[in-house]
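[1] 3D model of this:
(one chain, ligands or ions: 2)
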Amino acid sequence: MSLKLYNTMTRQKEQFQPRESKKVAMYVCGPTTYNYFHAGNGRMFVVFDMIRRYLMYKGYEVRYVQNFTDVDDKIIQRGNVEGMEPLALGQKYIEEYFKDALALNLLPATVHPKATEHIPEMIEIIQGLINTGLGYEVEGDVYFAVDHFPDYGKLSGRTLEDMKAGARVEVDERKHYPMDFALWKKAKPGEPAWESPWGLGRPGWHIECTAMSLKYLGAGFDIHGGGEDLAFPHHENEIAQTEGYLKGQTFARYWMHNAFLTINQEKMSKSLGNFFTVRELLVNYPGEVIRFYLLGTHYRSPLDFNDQNLVMAQKGLERLQTSVRLAQEAIERVGSLNNEQSQAELLKAASDAREAFEKAMDDDFNSALAYAALFELAKTMNGYVQEHPASSEGLVQAQKTLIELGEVLGLDLLHPANIQVENEEMMTQIMDAVLQIRSRSRQKKDWEMADFIRDVMKEKGILIEDTPQGARWQIKK
Ligand code: AMP
Ligand code: ZN
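    Ligands and ions are numbered 1, 2, ... in the order given. Next up, the predicted model:
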């Protein structure tokens, strides 16, 4: 079946045809690392992770690049607030990103390049733009001359005249044209700065994505993604400087943008202060519930955030997990049943679910509709298990299909997160205490108590093993 996706550039759904057969090269604009990321950013990460996983399911080898903007005004300001050197602060929040990414089950990118590690590449591109007359220097700053790039506005569908009339761009006498944007910023005292042909300074925001995407994916890569706020001006500027630098070669083939996560219909954003960090949400909800919730609406539709919706998502996910568990219990039960009629029903339900799932996902990654296919299959499985609490080939296939399709969305339906990441430390501490108590019993030669503790833990699914280095524990899968 063929995959269609909505291309912001052409404003329509298009047949997906990659640059190279069976390979997809994707670049997604990652976070500015000055804080924990919020659920709105989380929506963007989860959406593109889902897109990547589905492309993998379709048999593509996906090269996925997601950058870290680790130097920028907001990082410098936040560094002052936290009393930390800005570059160290940027690194700190990169590490924190990976913890939350793990909780949301985001696959690590093939490359996670950092802006601060690509300054020479950016300088080279800026120099190239100056050489062709698209960039100009004013007292240590370098700007891009938008009116020298005839296609400026092609992604957002705006003309320079509209922008000039509608924009509230600060009047900067030094710019040739009000919409010109910074490629390089002259250093201010106390700020991180690098040597360049224009003196000490740091890159403007947009240029990093040009440098890093070209370096890791090359010109004309397949999918460029980000939140819808990035289409203008960030992506518009990326296109202008990249295609200007490449002398007209196409930068990226498909442009994809997710809609916002909103609160009371307003964009969740750090600057508005109406945000919840994923780290905060993880106190009350497992990462998989947050993920399930974020994928429950098509990525191009706004999604309003509130607790009730998260609770509903939790219930929905639990329904799927329960179905998988009940099937597992039936499969593990001794004796199998091969009632031909129910066998055929289950096999059909599994293949219908796969077909409906693929149809939904092939239509511009409609994960919300894909959920319906999973619930339908779960319902048939539940009905079967209630009537025939025994294993059958059909049940095995149906359960396998449900687990596999869940995995394509990054959901592990077989192992519900009853032990949340943030509870793992607590678990370790409790188990340390249990092992200490048991060790004390053994020292006192109270073997009965030591065995009793081991047996009770075993009943709870925790295995205690005695080794020459002392006792160890593990969760029995
Ligand atoms: P930032 O760290 O602000 O640069 O944002 C990182 C990514 O999250 C960008 O792709 C943004 O477009 C995206 N983003 C920011 N806020 C939201 C939101 N409320 N809903 C969805 N995506 C968002
Ligand atoms: Zn970018």
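
[2] OK, contacts around whichever residue of the stretch 51-200 of the chain sits closest to ligand 2?
    Across the stretch 51-200 of the chain, no residue is closer to ligand 2 than Asn67, which sits at 6.9 Å (C-beta to the ion). To be clear about C-beta, it is placed using only N, CA and C from the backbone, and glycine gets the same treatment. Residues near Asn67 by C-beta atoms under 8 Å, 6 or more residues apart in numbering: Tyr27, Cys29, Gly30, His112, Pro113, Lys114, Ala115, Glu208, Cys209, Met212.

[3] quick one: residues contacting the residue nearest to it when sequence neighbours are not counted.
    Distances taken as C-beta to C-beta, 6 or more residues apart in numbering put Gly30 closest to Asn67, at 4.7 Å, once the chain neighbours are dropped. Gly30 makes contacts with Gln66, Asn67, Phe68, Thr69, His112, as judged by C-beta under 8 Å, 6+ apart.

[4] among these, which one lies nearest to ligand 1?
    Thr69 (6.4 Å; C-beta to the nearest ligand atom).

[5] for that closest one, report the pLDDT, please.
    At Thr69, the pLDDT value in this model is 97.

[6] so what pairs up with it in the strands?
    Thr32 (DSSP bridges).

[7] my guess is it meets Glu208, correct?
    Yes: using C-beta atoms under 8 Å, Thr69 makes contact with Glu208 at a distance of 6.5 Å.

[8] more crowded one of these two?
    Glu208 (26 against 21; other C-beta atoms under 10 Å).

[9] near ligand 2, which residues of the chain are found?
    Cys29, Cys209 (C-beta under 5 Å from the ion).

[10] mind doing that once more with 8 Å?
    Within the chain, the positions near ligand 2 by C-beta under 8 Å from the ion are 27, 29, 67, 69, 205-206, 208-209, 213, 226, 230, 234-235, 238.

[11] pick out the residue in the stretch 301-450 of the chain sitting closest to ligand 1.
    Closest point on the stretch 301-450 of the chain to ligand 1, by C-beta to the nearest ligand atom, is Leu303, at 7.9 Å.

[12] ok, now the chain?
    Counting by C-beta to the nearest ligand atom, the chain gets nearest ligand 1 through Gly227, at 2.0 Å.

[13] what's the farthest-apart pair in the residues of the chain next to ligand 2?
    Across the residues of the chain next to ligand 2, the longest distance by C-beta to C-beta is 15.0 Å; it joins Tyr27 and Trp205.

[14] would you mind listing what in the stretch 201-350 of the chain touches ligand 1?
    Taking C-beta under 6 Å from any ligand atom as the contact definition, the stretch 201-350 of the chain meets ligand 1 at Gly226, Gly227, Asp229, Leu230, Asn258, Phe260, Leu261, Lys267, Met268, Ser269.

[15] if we go to 5 Å?
    Counting by C-beta under 5 Å from any ligand atom, the stretch 201-350 of the chain comes close to ligand 1 at Gly226, Gly227, Asp229, Leu230, Phe260, Leu261, Lys267, Met268.

[16] of these, grab the buried ones for PyMOL.
    To isolate the buried ones among those in PyMOL, judged by 16 or more other C-beta atoms under 10 Å, type:
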select buried, resi 226+227+230+260+261+267+268
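
[17] ok so, going back, from the contacts of Asn67, which two are the most distant?
    Counting by C-beta to C-beta, the most remote pair of those is Tyr27 and Lys114, 14.4 Å apart.

[18] those two: which is more packed in?
    Tyr27 (29 against 19).

[19] residues contacting the more buried one?
    65-67, 209, 212-213, 216-217, 221, 223-225, 252.

[20] dump those to CSV, plus secondary structure and distance to Asn284.
    Output for those, formatted as CSV (DSSP: H, G, I helix; E, B strand; the rest coil; distance: C-beta to C-beta, whole Å):
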residue, secondary structure, distance to Asn284
Val65, strand, 33
Gln66, strand, 27
Asn67, coil, 30
Cys209, helix, 34
Met212, helix, 36
Ser213, helix, 37
Tyr216, helix, 37
Leu217, helix, 38
Phe221, strand, 39
Ile223, strand, 34
His224, strand, 34
Gly225, strand, 29
Ala252, strand, 38
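
[21] on that earlier part again, give me the phi and psi for the residue of the stretch 301-450 of the chain closest to ligand 1.
    phi -130, psi 120 (degrees, to the nearest 10).

[22] SS state for Asp191?
    Actually, residue 191 is Glu rather than Asp. coil (DSSP: H, G, I helix; E, B strand; the rest coil).

[23] let me know the pLDDT of it.
    At Glu191, pLDDT is 92.

[24] for it, what are its contacts?
    Glu191 sits in contact with Ile76, Pro86, Arg202, where contact means C-beta under 8 Å, 6+ apart.

[25] could you measure from the closest residue to Thr380 other than its chain neighbours over to Asn382?
    Spatially, and ignoring its direct neighbours in sequence, Thr380 is nearest to Ala349 (3.9 Å; C-beta to C-beta, 6+ apart). Using C-beta to C-beta, to the nearest Å, Ala349 is found at 11 Å from Asn382.

[26] same deal with Gly79?
    54 Å.

[27] more neighbours, these two?
    Gly79 (20 against 15).

[28] I'd guess that one is in a strand, am I close?
    No: assigned with three-state DSSP, Gly79 falls outside any strand and is helix.

[29] can you name the residue of the stretch 301-450 of the chain nearest ligand 2?
    For the stretch 301-450 of the chain, C-beta to the ion, closest residue to ligand 2: Phe365, 20.4 Å.

[30] in contact with that residue, which residues?
    Phe365 sits in contact with Leu5, Val47, Met50, Ile51, Tyr54, His298, Tyr299, where contact means C-beta under 8 Å, 6+ apart.

[31] enumerate the residues of the stretch 351-477 of the chain near ligand 1.
    Residues of the stretch 351-477 of the chain lying near ligand 1 (C-beta under 5 Å from any ligand atom): none found.

[32] any low-confidence regions in the stretch 351-477 of the chain?
    418-424, 477 (pLDDT under 70).

[33] hmm, Tyr216 is touching Val65, no?
    Yes: Tyr216 lies in contact with Val65 (C-beta under 8 Å); the separation is 4.7 Å.

[34] the more surrounded of these two?
    Val65 (22 against 19).

[35] ok, back up a step: need the contacts of Asn67 in CSV (columns: pLDDT, secondary structure and distance to Ala471).
    Converted to CSV, those look like this (pLDDT from 0 to 100; DSSP: H, G, I helix; E, B strand; the rest coil; distance: C-beta to C-beta, whole Å):
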residue, pLDDT, secondary structure, distance to Ala471
Tyr27, 98, strand, 49
Cys29, 98, coil, 49
Gly30, 97, coil, 43
His112, 98, coil, 39
Pro113, 98, coil, 44
Lys114, 98, strand, 43
Ala115, 98, helix, 48
Glu208, 98, helix, 51
Cys209, 98, helix, 52
Met212, 98, helix, 48
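
[36] what touches both of Tyr216 and Val65?
    By C-beta under 8 Å, 6+ apart, the residues touching both Tyr216 and Val65 are Tyr27, Thr110, Val111, Pro113.

[37] what residues are up against the third one?
    Read it as Val111. So Val111 contacts Arg63, Tyr64, Val65, Tyr216 (C-beta under 8 Å, 6+ apart).

[38] with the residues you listed in mind, which one is nearest to Asn339?
    So of the contacts of Val111, ranked by how close each gets to Asn339 (C-beta to C-beta), first place is Tyr64, at 45.0 Å.

[39] is that closest one in a bridge, and if so with what?
    Beta-bridge pairing for Tyr64 (DSSP bridges): Met26.
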